[in-house]
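>>> could you look at this predicted model? Sequence included:
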Amino acid sequence: MATTQELTVKFNLASGDVMTLTIGDFKNALLDSDIKASLDAMVKAGALGIGADAVTGVASAQRVTTEKTDVNLA
C-alpha cells in the first residue's frame, strides 16, 4: 500500500478564468497558515500565470491524500 500527499490549488486569473496547480509530495506537517502565506507570496511575486494572463489571487487549496493498494492477481 502506498499513500501520496498532494496539494491542489486553484488560482484566479486576470481574465476571470481559473488555473489549477497540483503540487506533489508536499510536507503534510505544514500548517494551513504556512501554505496560505506561501501561496500569497507566489501571487505577489508574479511567479505564476498563463501567458499574459496574470494570477490575481488564490481561489482555493485542498490537501489530497491518495491510497493505492495492489490487487493480488495470483
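Now that the structure is in, tell me what you want to look at.
>>> tell me which element residue 40 is part of?
For residue 40, the element it lies in under DSSP states H and E is helix 32-45.
>>> report the buried residues of the longest strand along the chain.
Selection of the longest strand in the chain by residue count, based on DSSP state E, yields strand 53-68. Of the residues in strand 53-68, those buried by neighbour count under the rule 16 or more other CB atoms under 10 Å are 55, 58, 61. Quick note: C-beta positions are derived from backbone N, CA and C, even for glycine.
>>> which one is the second one nearest to, not counting chain neighbours?
On the basis of CB to CB, 6 or more residues apart in numbering, the spatially nearest residue to residue 58 that is not a chain neighbour turns out to be residue 39, at 4.8 Å.
>>> ok, the one you found - how many residues close by?
Look at residue 39: counted by other CB atoms under 10 Å, it has 20 neighbours.
>>> right, and it touches residue 9 too?
Yes - the pair residue 39 and residue 9 qualifies as a contact (CB atoms under 8 Å) at a distance of 6.2 Å.
>>> which residues do these two both contact?
Where contact means CB atoms under 8 Å, 6 or more residues apart in numbering, the residues bridging residue 39 and residue 9 through contact with each are 58, 61.
>>> if we can go back for a sec, can you name the next helix or strand after the helix holding residue 40?
Downstream of helix 32-45 (by DSSP H and E), the next one is strand 49-50.
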